[in-house]
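Participant: quick one: sequence and predicted model below, then my questions.
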Amino acid sequence: MAEIDLIVTALGYLDPLDADELAMLTMLREAQRTRQSPTMGRAKTAIIVRAMLRSRP
């Protein structure tokens, strides 16, 4: 779950979040809460990659 924690932290630094990023953040926070690994396809992975690139200093 360390990966999920890292992604949630990175998404938390983005402002503003677009609709896809907000939905992803909600899904990942729920995964943190339940300690269940989320299932992700290519589209969701692309959202994470795009957000991670935006969060770089």
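Facilitator: The structure has been received and is ready for your questions.

Participant: quick one: low-confidence ranges for the protein?
Facilitator: Within the chain, the segments meeting pLDDT under 70 span 57.

Participant: how about the helices in it?
Facilitator: Here the chain has its helices, by DSSP state H, at 2-12, 19-34, 42-54.

Participant: okay, those helices in TSV with mean neighbour count next?
Facilitator: Every C-beta, even on glycine, is put in place using the N, C-alpha and C of the backbone. Shown next, in TSV, are those (neighbours: other C-beta atoms under 10 Å):
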stretch	mean neighbour count
helix 2-12	14
helix 19-34	14
helix 42-54	13
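
Participant: wait, Met1 sits on Thr34?
Facilitator: No: in this structure, Met1 is not within contact of Thr34 by C-beta atoms under 8 Å, at 10.3 Å.

Participant: list the contacts of the residue lying closest to Ser37 once chain neighbours are set aside.
Facilitator: Computed as C-beta to C-beta, 6 or more residues apart in numbering, the closest residue to Ser37 that is not its neighbour in sequence is Ala31, at 6.7 Å. The neighbours of Ala31, taking C-beta atoms under 8 Å, 6 or more residues apart in numbering as the test, are Met1, Ile4, Ser37, Pro38.

Participant: the third one touches Met1, doesn't it?
Facilitator: Yes: assessed by C-beta under 8 Å, Ser37 is found in contact with Met1 at 7.5 Å.

Participant: could you pull up phi and psi at Tyr13?
Facilitator: Per-residue torsions, Tyr13: phi -90, psi -10 (degrees, to the nearest 10).
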